[in-house]
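Asker: next input, structure requested:
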Amino acid sequence: MEWEPVVGLEVHAELRTQSKMFCGCAVVDCTVAEPNTHTCPVCLGMPGSLPVINRRAVDLGLRVALALGCRVAPVSVFARKNYFYPDLPKGYQISQYELPLAAEGVLKILPGEQTRVIRIRRVHLEEDTGKLFHEEKPARSLVDLNRAGVPLLEIVSEPDMHSVEEVKAYATTLRRLLQYLEVNSGDMEKGVIRFEANISLRPKGATELGTRVEIKNLNSFRALTRSMEYEVERQAARLSEGQAIRQETLGWDENAGRTYSQRSKEEAHDYRYFPEPDLPPLEVSPQWLEQIRRTVPELPDALCDRLVSQFGLGRYDAEVLVAERSTAEYFQRAVKTSGAPGRTVAAWLTGDLFGLLNTRNLTLEGRGGEPVLPAEEFGALIRMVSEGRINGPTGKSLLVEMIDTGKTAEVLVSEGSLGQITDEDTLRSAVRKTLVENPGQVASFRGGKTSVIQWLLGQVMKTTGGRANPQTVRKMLEEELARGSKE
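Answerer: Residues are numbered from 1 along each chain as shown. Alright, predicted model coming up:
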């Protein structure tokens with residue numbers, strides 16, 4: 001029997017606020033901050049402390065809801081989700097349940113050749129928990145509560161995905177959207193986005209859902225796809241042998257490459273949800289919503305369409321450029337400076353510049369927020385090539401030096417006398433000198449071996465220090481060789 005996976009994803013994204021969801025504690029990079037240094041009675045759950053809703057977190061949540069086409073609730077309610085765990089100091093998590101911030105949205109994905117529409121069930125706000133650290137020597141567990149109370153946006157899809165490819169496309173598309181909206185950094189290594197996958201199998205062609213399991217706390221695309229592949233294979237094997245699937249919560253062991261049971265799967269009633277008594281209902285007025293709507297930037301799909309129509313790019317190149325908002329903005333600034341066709345700038349960017357950055361393990365943003373090569377300087381280099389001041393090979397050499405030295409193309413050209421030779425008498429002299437010094441290759445060309453002209457062109461370029469225009473040199477070679485054959 002063939003089995004069809006049915007998958008829904010819960011995505012927890014940290015919101016880019018300066019303070020926590022319900023208190024004034026600073027949101028810090030928990031990978032570098034000293035443990036338990038950014039806490040207060042509210043996020044520590046001290047008796048008598050009162051939470052206050054972070055307006056900025058609500059703004060960012062509304063921005064995502066609008067971008068996903070959700071129906072935003074005029075009134076939403078925070079609730080207490082009760083469970084006991086060492087990283088949850090209050091003994092409950094403030095979240096939303098029956099009346100979330102928004103619901104009924106969609107996200108378009110492109111897992112292959114055809115676009116798929118994945119339904120969004122709900123978008124709601126909540127607070128993060130602390131983080132546990134387990135040590136072997138000595139055997140102990142430690143808790144850091146710097147992360148407790150950090151604003152989270154939970155985005156829950158319907159079970160509309162049926163393959164690993166669709167799940168990965170959904171996760172990467174949603175991450176890109178959150179980055180474009182500037183609500184989340186997308187830095188997976190720091191755990192700012194975490195996935196929980198609900199997976200079940202059913203006979204292919206069936207409509208009834210099977211028993212599902214939930215894989216918790218997946219913090220990378222690799223963990224998400226590998227855990228799903230493993231779980232689909234495990235469930236298919238059990239079902240094919242006539243065994244039942246147990247509804248449970250699973251963890252993922254990256255080193256072993258397998259899931260493991262954590263506990264039986266909880267239902268909503270296990271958490272004893274009830275309205276948070278210390279917070280009033282959250283009311284979103286039409287005026288507030290319209291104010292947020294005006295802050296929603298051009299979204300990836302619309303931007304991709306515009307790059308294709310405005311700059312004449314192929315669809316694939318446009319998709320590469322919009323994968324990161326910063327890359328698309330870099331490209332547009334470079335085009336404006338260079339004055340060159342969009343296709344030319346895209347080829348330099350995705351081919352030459354990306355290739356150099358990859359070999360040096362760098363990104364466009366560089367380290368510390370300073371760009372490795374400003375878009376304007378990159379565009380100025382391309383403009384020099386387009387205007388014929390330097391040739392293509394020289395431009396590519398200069399690109400390497402610009403990244404390695406931080407100098408501009410103008411400075412490097414003036415320092416190294418790298419400007420393109422445009423004087424025709426000088427170029428023709430170099431061409432004639434090359435033909436005189438290489439009679440054997442000239443004879444081969446005239447004997448019918450026309451490919452030799454490329455070797456002769458290389459010799460002229462070598463003679464001129466790479467500063468000649470290859471197209472001009474080739475034309476002159478053809479003229480001189482033709483003249484010589486007539487003589």
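Asker: low-confidence regions, the chain specifically.
Answerer: Within the chain, the segments meeting pLDDT under 70 span 265-266, 268, 367-369, 415-423, 426, 464-467, 484-487.
Asker: care to break it down by domain?
Answerer: The chain breaks down by automatic domain parsing into domains covering 3-291, 300-416, 424-486.
Asker: can you list these in JSON lines and add mean neighbour count?
Answerer: From N, CA and C alone the C-beta is placed, and that goes for glycine too. What follows is the domains of the chain, written out as JSON lines (neighbours: other Cβ atoms under 10 Å):
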{"stretch": "domain 3-291", "mean neighbour count": "17"}
{"stretch": "domain 300-416", "mean neighbour count": "17"}
{"stretch": "domain 424-486", "mean neighbour count": "15"}
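Asker: check the secondary structure at residue 93 for me.
Answerer: Following DSSP: H, G, I helix; E, B strand; the rest coil, the label given to residue 93 is strand.
Asker: ok, it - contacts?
Answerer: 80-81, 83, 126-127, 129 (Cβ atoms under 8 Å, 6 or more residues apart in numbering).
Asker: which of those residues sits closest to residue 304?
Answerer: Of all these, residue 126 has the smallest distance to residue 304: 32.0 Å, by Cβ to Cβ.
Asker: partners of the closest one in the sheet?
Answerer: Here residue 126 sits in beta bridges with residue 152, going by DSSP bridges.
Asker: any idea how far it lies from residue 153?
Answerer: 8 Å (Cβ to Cβ, to the nearest Å).
Asker: before we move on, the earlier item: pick the one among the contacts of residue 93 closest to residue 310.
Answerer: For those, the nearest to residue 310 is residue 126 (40.2 Å; Cβ to Cβ).
Asker: residue contacts, that closest one?
Answerer: Contacts of residue 126 (Cβ under 8 Å, 6+ apart): 21, 81, 93-96, 152, 154.
Asker: for these, work out which two are farthest apart.
Answerer: Farthest pair in these, by Cβ to Cβ: 21 and 81, 13.5 Å.
Asker: could you look up the SS state of residue 197?
Answerer: With three-state DSSP as the criterion, residue 197 reads strand.
Asker: my guess is it meets residue 228, correct?
Answerer: Yes. Between residue 197 and residue 228 there is a contact at 5.9 Å, judged by Cβ atoms under 8 Å.
Asker: common neighbours of these two, please.
Answerer: By Cβ under 8 Å, 6+ apart, the residues touching both residue 197 and residue 228 are 7, 167, 215.
Asker: surely the second one is within a helix?
Answerer: Yep, that's residue 167 we're talking about. Yes. Residue 167: assigned to a helix according to three-state DSSP.
Asker: can you give me the strands in the stretch 1-150 of the chain?
Answerer: Along the stretch 1-150 of the chain, the stretches classed as strands by DSSP state E, counting those that start in this stretch are 3-14, 71-72, 75-76, 78-82, 92-96, 102-109, 116-127, 131-135, 140-144.
Asker: gap between the fifth one and the chain center?
Answerer: Relative to the mean C-alpha coordinate of its chain, strand 92-96 is positioned 29 Å out (Cα atoms, centre = their mean, to the nearest Å).
Asker: ditto for the last one
Answerer: Relative to the mean C-alpha coordinate of its chain, strand 140-144 is positioned 32 Å out (Cα atoms, centre = their mean).
Asker: what's that strand packed up against?
Answerer: strand 131-135 (3 or more Cβ pairs under 8 Å, 6 or more residues apart in numbering; DSSP states H and E).
Asker: what angle separates the strand it packs on from strand 140-144?
Answerer: Angle, strand 131-135 to strand 140-144, by axes from the mean of the first three to the mean of the last three Cα atoms, to 10 degrees: 160 degrees.
Asker: please save the CA atoms from strand 131-135 in CSV.
Answerer: Output of strand 131-135 as CSV, limited to C-alpha atoms (Å, rounded to 0.1, in the frame of the first residue of the first chain):
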residue,chain,number,x,y,z
LYS,A,131,16.4,27.6,28.2
LEU,A,132,17.8,24.5,29.9
PHE,A,133,21.4,23.4,29.7
HIS,A,134,22.2,19.8,30.6
GLU,A,135,25.8,18.9,31.7
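Asker: what lines up beside it in the sheet?
Answerer: When DSSP bridges is applied, strand 131-135 pairs with strand 140-144 (antiparallel).
Asker: which outside residues touch the partner strand?
Answerer: Residues from elsewhere that reach strand 140-144, judged by Cβ under 8 Å, 6+ apart: 30, 35-36, 86-87, 130-135.
Asker: same question, stretch 240-259
Answerer: Under Cβ under 8 Å, 6+ apart, the answer for stretch 240-259 is 1, 3, 200-201, 210-218, 222-223, 226-227, 230-231, 234-235, 238-239, 260-266.
Asker: ok so, going back, list just the nearest of the shared contacts of residue 197 and residue 228 to residue 343.
Answerer: For those, the nearest to residue 343 is residue 167 (33.4 Å; Cβ to Cβ).
Asker: I'd like to know how far the closest one sits from residue 191.
Answerer: Residue 167 is 19 Å from residue 191, by Cβ to Cβ.
Asker: what does residue 23 give?
Answerer: Residue 23 is 21 Å from residue 191, where distance means Cβ to Cβ.
Asker: quick one: contacts for residue 177?
Answerer: By Cβ under 8 Å, 6+ apart, the neighbours of residue 177 are 64, 67-68, 107, 299-300.
Asker: go on, residue 313?
Answerer: 307, 321, 342-343, 346.
Asker: now render those residues as JSON lines, adding distance to residue 375 and secondary structure.
Answerer: Converted to JSON lines, these look like this (distance: Cβ to Cβ, whole Å; DSSP: H, G, I helix; E, B strand; the rest coil):
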{"residue": "307", "distance to residue 375": "15", "secondary structure": "helix"}
{"residue": "321", "distance to residue 375": "12", "secondary structure": "helix"}
{"residue": "342", "distance to residue 375": "14", "secondary structure": "helix"}
{"residue": "343", "distance to residue 375": "17", "secondary structure": "helix"}
{"residue": "346", "distance to residue 375": "13", "secondary structure": "helix"}
